[in-house]
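Participant: Structure for this input, please:
(2 chains)
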Amino acid sequence: MISITINGKEFSAKKGETVLDVCRREGIYIPTLCYQEDLTPYGGCRLCIVEVEGMPRPMTACTLPVQEGMVIQTDTPRLKELRRFTLELILSEHPYSCLVCEKKTDCASYMECIEKEAITFGCKYCSANGNCELQKLVEEFGIKEIPYQFKYRNIPVEDYDPFFERDYNLCILCGRCVRACAELRCAYVIDFHHRGPRTLVGTAFNLSHIDANCQFCGACVDACPTGAMRERYNKYLGKPDKVIKTHCMLCSIGCPINAETRENKIIGTTPDGEPLCVRGRFGIAPMVNHPKRVTVPLLNKNGQLVEISWDDALDIASNILKEYKDRTGIIFSHDLHIETINSLSTFGEISGIENLGVEIQNVENFETLCLAKTGKKIAIIAVNFDLIQDFSVFLLRIKRALNEKPVVILVDPIKTKSAEIVDLYLRPEPGKEIEVLDILLSEDNPCETGGIKKEEIVTARKLLARREVCLLYNPYNVNINGLNSQVKCYPIFGILNFPILNSGKLSSAEDIFENDGIECLYLIGTGIPPMKKYKKVIVQNCFLPDFDFDLFLPAATFLEVDGSFIDLFGNEKKLYKVCEPPGQARADEWIIKNIIERLDFELPRKNHKYHPGRVNEKEKPDSEYPFYLIVRENTFKYRGKVLSKILTGFKRIHHDCRLWINPVDASRLKVENGKPVKVIGKDFESVVEVWITDNVPEGFLFAYHDREKGLVKNKRVRVECL
Amino acid sequence: MSGRKKKPKGFRLDLLVCAGTGCVSNRSFIVKDALEKEIVKRGLQDEVRVIATGCQGFCERGPIVIAQPDEIFYQRVTEKDVPYLVEEHLIKGRPAKKLMYVPEKEAIPIPRMSDIGFFKHQRLIVLRNRGRLDPENIEEYIAFDGYEALQKVLTSMTPEQVIEEIKKSGLRGRGGAGFLTGLKWELCRAAEGHPKYIICNGDEGDPGAFMDRSVLEADPHSVIEGMLIGAYAIGAQKGFIYVRKEYPLAVKRVQHALKQASEYGLLGEDILGTGFNFFIEVVQGAGAFVCGEETALMAAIEGRVGRPRTRPPYPVEKGLWGKPTNINNVETWANVPIIILRGADWFSSIGTENSKGTKIFSLVGKINNTGLVEVPMGITLRQIIYDIGGGIPYNKKFKAVQTGGPSGGCIPEKYLDLPIDYESLTEVGSMMGSGGMIVMDEDTCMVDVARYFLNFTQQESCGKCVPCRLGTKQMVEILNRIVDGNGKDGDLELLESIGQNVKLASLCGLGQTAPNPVLTTIKYFKEEYIAHINEKKCPALVCKALISYVIDPELCTGCVACAKNCPTMAITGEPKKVYKIDQSKCIKCGICLSVCPPKFGAVKKVTPAI
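Facilitator: Down below sits the predicted model:
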């Protein structure tokens, strides 16, 4: 323990602590701007200066390590003057009328213009107004005017990237975004440019953030103390009036989020302790508030969609179900809450409708992921698994849990963005992943295997040496049953509620479709199109499906209902109601309960017929179908709706509605980037936009799982230009 | 200069051609080639040898050729002078008078180098080998007692004894701050952490300063030897020499020297068979002034952006890659071998009570003898400027001298007899810095000078901390408006208050010293500022906005020279009659003044502007 004196009082501190740490702990106020708790101290804003006895000039508390016997003053007249001086200097470059204008309190009421702060030098319409750390400090110091000439930097606003905009005219160069990008996300997308008065934050060579490989996690936006980096969606939606803690349900990690609402409407989501990815940070509010959401029950009257009341809708639904009884099949999504899934099983028991299918297939060898500290150093091998795109916070979570950076090796024939962040990337030939893993994990002499060079295997083995190896894979993308090596394997998938869905009682959607006795479909929260013609189709969802239906019941999203779900790690996570469902949309549970109330009959039970999953036979190369199409699970969706289809920003960063094709194949077929082509397999035909990239090997095509387009499993296809 | 001690058998004469950057850019290599050809032509190749040496320091007079062993000094030698030089000196055996140095006020040429004022008053310790050996030949360095200090240290001293010796010598860091070198070494040796690194800071960014470059070019081995001794004392195995990329010759010579030292077993593993290992790597800086700051320099070596960080922790505790690191300037390292060799007592006998040894200054500006001078601490400014520098050209009046690079202060005439050391310079508002010394005469506007230096430091600020980035910017804005004639009441006070605050609140040495030129000029030349602000006058007739060019009707003879050369046709009149400048057309380019024949001297500058 070290004892130091602050403002005449003695405090004890631990070795390695800074003076600011001690002051924060002891409740001694020191103003800061460039300091953020989870980032390395920077010492650039010079506001946290303190007087240290024996030092000729003030020192920054954020960078000053405590030393035995230190005597510190935090609030002398000289410090006050210097802090004020520094703040005034910041204001000489930061548009400040929102801070010092004498009419600032009333201007909002009669100056209803929506000019951006970039044009007006700052006003009530700065998107950070009321939420700006600089503004707070200026108020605290009572600065009314500055003795300096104001210099507007006139930097064009960067608004060409999705999700957030950057107006560096407002930037005070505190460097928090730069450090957050590097230290919290290991992304290193932004850094400082130039020097002296021309210093600016930006990407290398001034590329757009998309080209600079930004993941749009929003860590920089969250770190910014001013309005320089602002989320585009809620830029002019004002300050939240309520913040509710809940969880994100857009992938199986289930991160905690702070849902911000204003006037009972969700306006944004921010991280709550754990880092968020682009979906959780920027995807939720626009999806929930999406104009295409259906908010009234709809009836299909001879091809015309007619709005009807809930009473009518529930009557119609229950009448259909009464009529078709056991000829009804229910298919639901894994994105439903546990409570809804439970009420569905009750529904089955009461109604006798036992053809209950979930849209996923069974996965064997399920094991809950647990990366507790074993004392040993960890090495991770990820197989056919996109650490960045699908689970961008997954690796960060592991790093936090282990308190160190594990060695990560990626084995994937498709070169995803993850290849750039791992310690070693191995690109086997498609289908040879297991062979490569076996040679990596065995002690046999290394030899060239499945397109991986001998030297690469030697390097990989060096990385793995003396570490505990964890194999992470997505069971949808690779079958590891053939693996001979003894190694801990953890399936990672984008599906929520997996443990209860995988309990064996449920059939799969395929089972329902194969059951010829079924004439009526009730689809809850799923986007699976009916595989054949059904007499009646009832859809219960948030967005209209792409296929014909008879009745549509508008459902609420996970922000509009209390509930819970089970995440990838097997934990049950709570969801809280953040806002009211829009219009007449109702919770799934409410709809199901009301339908059950209207079903006043009982039927004898039938034995549930279980269809074993079909084994995919590996098709042989064929001159008619020269390409092998690889299909991967798309985790970018909610209740069957692919986010890229409704939110344009996602389409720009995630090529998930496209067919990836190698440039060599593309030039041979003379297809152009971004143009649609026809993909033809033995059992399907579909039109898809192409993305030309060498991320996919020659002779192969890649696409994310898309039932609507028939892109459901690996198969041989041919491509035709339109 | 004692001249070459060991003249190899067979040669009666050595011609030392200066190959410092100044002389090289004045075509000294062409002169060297011409000399060699001429010597062959005259059949003297077995008697006379031509050698390229490091910088002689007297760059004003380059290219320089020195004939040894008589140390006859020839200046401004061109290839055309070569036949004459060879004929006179080598064939006829008499010094070539036409190429000798003639002091401005006298008419008699001075043949011997040691009789020339510029050299006579210097005391060479760091530059002991300058101009007397070939920097690309390690054997010459060894012949002049090179690596003897290393041998002494490795074979007969413990690291503690080495540190004690350096501490006793009183050597202080020559990079500017003047921290006691021995104490720094001791702290670094005592710091926890492994490995330890040492760095030679050769990122000389001050405009007009070139002492580090000269040392690296003229005597790279003395720096390497100093680093070896430091590494032994501290317990480091790896060293870095950080040189600016703008010093290609220095980089080349250092790299060459490192290669030779490795070949001779003086660098690398098991040095001199003592089991001591040391490796040196050269890192080239990309030319940011701020990288001379030690933490920024280390960031640059690590491959990051060269921006300083706050201290503590100091580099001796957490330096390169978080390991204890000792960083010293080129000049400091070059002092080390000779201290070890001749002893701390000898070294501490030179200089003042608190500042021992010598200091190299690059003497530039309005001075007759521009060049590099090494003088003992405690010498007065007057001795440097008048005895060594030969005074101010054209009999102009001395006004001020700026020491310590762009962030030093301007010292007025009243302090000319100030004995120079770290403390005395700081006391008068300036600093030792790395040793730049810029002399200004009466034609220099101090407001303009302050603006010039501040503009430099503000452009070179790294942009990390607010006071330096924005405070200096505001100061430049204010100075700009004063110089443009828009100064207003309160500007001077505002300048002073910003300056004081920037000095206190800035993160690194750059910001902490950047306001010095402004603060010292306000302190010593306040009346000039007031003239600019209140009367809109520039007393030195420099600030364009505050002056006008006029033609004195009494003196103008109507020779048409000015009117013919005026780019804007602002001068009108008839030949043989008085001409007149139309002020509305005049762009104040000054051509009329320079073309008006001195015998008339009719064009004049006046202030305030008309």
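Participant: and A:F565, that one's in a strand?
Facilitator: Yes. Under DSSP: H, G, I helix; E, B strand; the rest coil, A:F565 sits within a strand.
Participant: elements contacting whichever strand or helix holds A:Q540?
Facilitator: Here A:Q540 sits within strand A:536-541, counting by DSSP states H and E. Packing contacts for strand A:536-541, counted by 3 or more CB pairs under 8 Å, 6 or more residues apart in numbering or on different chains; DSSP states H and E, involve helix A:310-324, strand A:520-524, strand A:551-554. (Glycine included, C-beta is placed from N, CA and C.)
Participant: Apply 10 Å and report the result again.
Facilitator: Applying 3 or more CB pairs under 10 Å, 6 or more residues apart in numbering or on different chains; DSSP states H and E, we find strand A:536-541 packed against strand A:298-301, helix A:310-324, strand A:328-332, strand A:520-524, strand A:551-554, helix A:588-598.
Participant: nearest residue to the residue of the stretch 451-600 of chain B found nearest chain A other than its sequence neighbours?
Facilitator: At 2.9 Å from chain A, B:G463 is the closest residue in the stretch 451-600 of chain B, using CB to the nearest CB. Spatial nearest neighbour of B:G463, chain neighbours left out: A:T199 (2.9 Å); criterion: CB to CB, 6 or more residues apart in numbering or on different chains.
Participant: neighbours of the closest residue to chain A within the stretch 201-350 of chain B, just the number please.
Facilitator: Nearest residue of the stretch 201-350 of chain B to chain A (CB to the nearest CB) works out as B:T310 at 3.8 Å. Close neighbours of B:T310, defined as other CB atoms under 10 Å in any protein chain shown, add up to 20.
Participant: what residue lies at the spatial centre of chain A?
Facilitator: Closest residue to the average C-alpha location of chain A: A:R279 at 3.0 Å, with CA atoms, centre = their mean.
Participant: which residue packs closest to it, ignoring adjacent ones?
Facilitator: Nearest one to A:R279, counting by CB to CB, 6+ apart, is A:L250 at 4.4 Å.
Participant: where does chain A have its least confident helix or strand?
Facilitator: In chain A, the helix or strand scored least confidently by mean pLDDT, DSSP states H and E is helix A:117-120, which has a mean of 40.
Participant: Following element in sequence after that one, please.
Facilitator: helix A:133-141.
Participant: Over that next one, what's the mean pLDDT, rounded is fine.
Facilitator: For helix A:133-141, mean pLDDT is 90.
Participant: One more: stretch B:189-198?
Facilitator: Mean per-residue pLDDT for stretch B:189-198: 93.
Participant: From the chain's centroid, how far away is stretch A:148-158?
Facilitator: Here stretch A:148-158 is found 34 Å from its chain centre; the criterion is CA atoms, centre = their mean, to the nearest Å.
Participant: about what we covered before: so the residue nearest to the centre of chain A sits in a helix?
Facilitator: Yes. If the criterion is three-state DSSP, then A:R279 is within a helix.
Participant: residue contacts, B:G292?
Facilitator: The contact partners of B:G292, taken as CB atoms under 10 Å, 6 or more residues apart in numbering or on different chains, are B:175-176, B:201-206, B:212, B:242, B:244, B:285, B:306, B:329, B:405, B:434, B:460, B:509-510.
Participant: list the contacts for the residue nearest to A:R279?
Facilitator: A:257, A:276-280, A:283-284, A:287, A:335, A:494, A:496, A:558, A:635-638, A:643.
Participant: same thing with B:C200?
Facilitator: B:212, B:216, B:223-224, B:226-227, B:230, B:239-243, B:254, B:280, B:282-283, B:327-330, B:332-334.
Participant: Which residue, neighbours along the chain excluded, lies closest to A:D211?
Facilitator: A:D211 sits nearest to A:T203 (CB to CB, 6+ apart), 7.8 Å away.
Participant: Let me know how buried the one you found is, in neighbour terms.
Facilitator: Neighbour count for A:T203, taken as other CB under 10 Å: 21.
Participant: Can you pull up the most central residue in chain B?
Facilitator: B:A209 (2.6 Å).
Participant: Perfect, that will be all.
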